[in-house]
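Colleague: Need a 3D model of the sequence below.
(one chain, ligands or ions: 2)
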Amino acid sequence: EESTDRPTKKKVVAVVGGGLVGALNACFFAKRGFDVKVFETREDIRQAKIVKGRSINLALSHRGRQALNHVGMEDKIVSQGIPMHARMIHSLSGKQSPIPYGKKGQYILSVDRSNLNKELLTAAETYPNTKLNFDHKLQDWRAETGLMTFVRSDGSEEQIKADLIVGCDGAFSAIRKQFLRRSRFNYSQTYIPHGYMELTIPPINGEFSMKPNYLHIWPRNTFMMIALPNTDKTFTCTLFMPFDEFEKITTGDEVIEFFQKYFPDTIPLIGVDALKRDYFHLPAQAMVSVKCSPYHIGDTCVLMGDAAHAVVPFYGQGMNAGFEDCIVFDEILDQFNDDFSVVLPEYTRVRVPDDHAIADLAMYNYVEMRAHVNSKWFLFRKHVDNFLHFLMPKTLVPLYTMVTFTRTRYHQALERWKWQDKMINRGLLFSATGAVFGGSYLLIKNPPDIDKLIVPAEKMWNSIVALRTS
Ligand SMILES: Cc1cc2nc3c(=O)[nH]c(=O)nc-3n(C[C@H](O)[C@H](O)[C@H](O)COP(=O)(O)OP(=O)(O)OC[C@H]3O[C@@H](n4cnc5c(N)ncnc54)[C@H](O)[C@@H]3O)c2cc1C
Ligand SMILES: Cc1cnn(-c2ccc(OCc3ccccc3)c(C(=O)O)c2)c1-c1ccc(Cl)c(F)c1
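Modeller: Ligands and ions are numbered 1, 2, ... in the order given. Model (predicted):
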């Protein structure tokens, strides 16, 4: 007779990848009472000296904050971040133009990547039902049995079985490899021609050398640079540029010549010697966009974070989307009482359209900024967005606002933006037609002295053309 008082054995959830999403996911699953085992290929970064390579700071916005809030981490992480209330657009002449994101409370946060990862790992470790296993690299796994093989840095192997495997092992996921061998698994990856490189703006006399509470942007069409503030009063600049442009610059003098031409105001801020040194410190890094579906296999495995959807960083949403994955999965676990056989397919059905939408939006931003966006155009577009939103706050919400400051589903934000764009174009068309007919009527009624009209019209046209092309 099965004893009724024996507690049902806790299901084992293996989180592969102890990066930002994996560490947060461990907290989500641990909070639900699962037996959570995290496997991370790297050593414990809380003991390691420096984490090389990846972007040093990130923009945390509403979606990511909501996920942190769910596991009680929002206040801690926000307190260690720096609010950015507006964009600060740097023109070629060095003029700085702030454009607020919107209402008072609407700001994004610059957070340190490594510190965030450490805090989340420590938070996961506070749950008695969570075990962190570092120096565990997933080598292989089997969907049929849920059996995983990990290899250690000493070459030894370890086999682990779990009820659920959560692949949070990033854009080059080893978990996803098994998905690629299966029929009807859709996969696409795109490396963009741009690379990125990080540079540092040090403090001046112990103080920030630029206004700290801004997302600093130098939009130069093909070349773009951003700077996010750090708590040590430095800024981390990220230079985005085509690889073949990076490759043309081979000497320190050529670096200075390039910055003199495109980002002259940053030379005294970064420093000539530092610029010459840091530019050659690490090679430019690649950026890849990965889309796939389904996100699950049976009731055994699910992909989340960059393992499911790596996006180009031109919307500052990759981590926020991965963090939101955790909330969505948790909500579906609630809905279907932790029944993985129902939860996993439902997660794919609900989440794939949204993660694909943000991947498309990020790529769209990249293409749009690369092609059209210099500082004048950036300012014009954002002021138009803010003006239209001011006129009709409920009807016309800027896409950036929906994506960054709400939890509007990404695919619905995209659809709404397309609808709004159509309305604005129709509106512009309607008012232009009205102006033409109305103007013609007035002209016929009382013809003006045409010579006085040509000059201002030409000036207006030239300024519009200049906006688009200079
Ligand atoms: C230049 C740049 C700027 C960015 N800026 C922003 C931003 O401003 N805002 C934002 O929201 N996002 C930003 N992102 C995106 C963000 O960095 C990623 O979306 C986020 O790091 C994804 O987290 P993740 O945990 O899914 O993957 P990762 O952070 O890649 O973590 C994966 C983890 O899995 C581990 N791992 C890998 N393979 C294995 C294996 N076989 N076995 C075990 N462990 C393994 C890795 O060591 C790593 O710890 C940016 C990205 C870049 C490149
Ligand atoms: C890290 C982070 C967080 N958010 N954003 C972001 C992205 C795009 C934006 O507008 C696109 C646009 C401006 C003007 C016209 C069309 C589109 C805005 C904005 O509206 O301020 C903010 C970034 C970011 C990341 C990389 C680059 Cl290169 C960059 F410039 C900013």
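Colleague: Show me the strands in the stretch 151-300 of the chain, by range?
Modeller: 157-161, 164-167, 186-201, 214-220, 223-229, 235-242, 285-293, 296-297 (DSSP state E, counting those that start in this stretch).
Colleague: do the lengthiest helix in the chain and ligand 2 meet?
Modeller: Counting by DSSP state H, the longest helix found in the chain is helix 410-445. No. Counting by C-beta under 6 Å from any ligand atom, ligand 2 has no neighbours in helix 410-445; the shortest distance is 11.4 Å. To be clear about C-beta, it is placed using only N, CA and C from the backbone, and glycine gets the same treatment.
Colleague: quick one, what contacts Lys76?
Modeller: Glu119 (C-beta atoms under 8 Å, 6 or more residues apart in numbering).
Colleague: In which helix or strand does it reside?
Modeller: helix 74-79 (DSSP states H and E).
Colleague: Any buried residues in that helix, and which?
Modeller: Within helix 74-79, the residues scored as buried using 16 or more other C-beta atoms under 10 Å are 74, 77-78.
Colleague: So for it, mean pLDDT?
Modeller: Averaging pLDDT along helix 74-79 yields 98.
Colleague: quick check, it touching ligand 1?
Modeller: No. Shown here: helix 74-79 not in contact with ligand 1 (C-beta under 6 Å from any ligand atom), separated by at least 12.5 Å.
Colleague: Downstream of that helix, the next helix or strand is which one?
Modeller: Heading C-terminal from helix 74-79 (DSSP H and E), you reach strand 82-84.
Colleague: Mind listing the strands that next one pairs with, and their directions?
Modeller: strand 108-112 (antiparallel) (DSSP bridges).
Colleague: and the partner strand, how far out from the chain's middle?
Modeller: 12 Å (C-alpha atoms, centre = their mean, to the nearest Å).
Colleague: can you state the direction angle for that strand and strand 235-242?
Modeller: 100 degrees (axes from the mean of the first three to the mean of the last three C-alpha atoms, to 10 degrees).
Colleague: Before we move on, what's the pLDDT of the residue in the stretch 51-200 of the chain that ligand 1 sits nearest to?
Modeller: Residue nearest to ligand 1 within the stretch 51-200 of the chain: Gly170 (2.8 Å; C-beta to the nearest ligand atom). The model reports Gly170 with a pLDDT of 98.
Colleague: and if you look at Asp385?
Modeller: 89.
Colleague: Following the chain past the host helix or strand of it, name the next helix or strand.
Modeller: Using DSSP H and E, Asp385 maps to helix 375-391. The C-terminal neighbour of helix 375-391 among helices and strands, as given by DSSP H and E, is helix 399-405.
Colleague: close to ligand 2, is that following helix?
Modeller: Yes. For helix 399-405, a contact with ligand 2 is found by C-beta under 6 Å from any ligand atom, at Tyr400.
Colleague: Please enumerate residues in contact with that helix?
Modeller: So helix 399-405 is in contact with 61-62, 101-102, 106, 108, 315-317, 358, 361, 385, 389, 408, 410, 413-414, 416-417, going by C-beta under 8 Å, 6+ apart.
Colleague: Ok, stretch 204-218 next?
Modeller: By C-beta under 8 Å, 6+ apart, the list of residues contacting stretch 204-218 reads 59, 82-90, 96, 98, 107-108, 110, 201-203, 224-229, 233, 235, 262-263, 266, 269, 375, 378.
Colleague: how about low-confidence regions in the chain?
Modeller: 1-7, 50-55, 450, 453-458, 460-461, 463-470 (pLDDT under 70).
Colleague: Find the nearest non-adjacent residue to the spatially most central residue of it, please.
Modeller: Among the residues of the chain, the one closest to the centroid is Gln317, at 2.3 Å (C-alpha atoms, centre = their mean). Once flanking residues are discounted, Gln317 sits nearest to Ile358: 5.3 Å by C-beta to C-beta, 6 or more residues apart in numbering.
Colleague: What distance do you get for the one you found to Asn365?
Modeller: As judged by C-beta to C-beta, to the nearest Å, Ile358 and Asn365 stand 10 Å apart.
Colleague: what do the two both touch?
Modeller: Common neighbours of Ile358 and Asn365 (C-beta under 8 Å, 6+ apart) are Tyr315.
Colleague: thinking again about what came up before, can you tell me how far the nearest residue to the residue of the stretch 51-200 of the chain closest to ligand 1 once chain neighbours are set aside sits from ligand 1?
Modeller: Excluding its sequence neighbours, the residue lying closest to Gly170 (C-beta to C-beta, 6+ apart) is Asp306, at 4.7 Å. Asp306 sits 4 Å away from ligand 1, going by C-beta to the nearest ligand atom, to the nearest Å.
Colleague: can you pull the contacts of whichever residue of the stretch 351-470 of the chain sits closest to ligand 1?
Modeller: Using C-beta to the nearest ligand atom, Ala362 is the residue of the stretch 351-470 of the chain that sits closest to ligand 1, at 9.5 Å. Going by C-beta under 8 Å, 6+ apart, Ala362 touches 289, 311-315, 317-318.
Colleague: which of the residues you listed has the most neighbours?
Modeller: Val311 (29 neighbours; other C-beta atoms under 10 Å).
Colleague: which SSE is that one in?
Modeller: With DSSP H and E as the test, Val311 turns up in no helix or strand.
Colleague: backbone phi and psi for it, please?
Modeller: phi -120, psi 150 (degrees, to the nearest 10).
Colleague: who's in contact with it?
Modeller: Counting by C-beta under 8 Å, 6+ apart, Val311 touches 289, 317-318, 321, 358-359, 362-363.
Colleague: related to what we said a few turns ago, the helix holding Asp385 - contacts with which helices or strands?
Modeller: Packed against helix 375-391 by the contact rule (3 or more C-beta pairs under 8 Å, 6 or more residues apart in numbering; DSSP states H and E) you find strand 86-90, strand 96-100, strand 214-220, helix 450-469.
Colleague: quick one: contacts of that helix?
Modeller: In contact with helix 375-391 (C-beta under 8 Å, 6+ apart) are residues 87, 89-92, 95, 97, 99-100, 102, 217-220, 373, 396-398, 400-401, 424, 466-468, 470.
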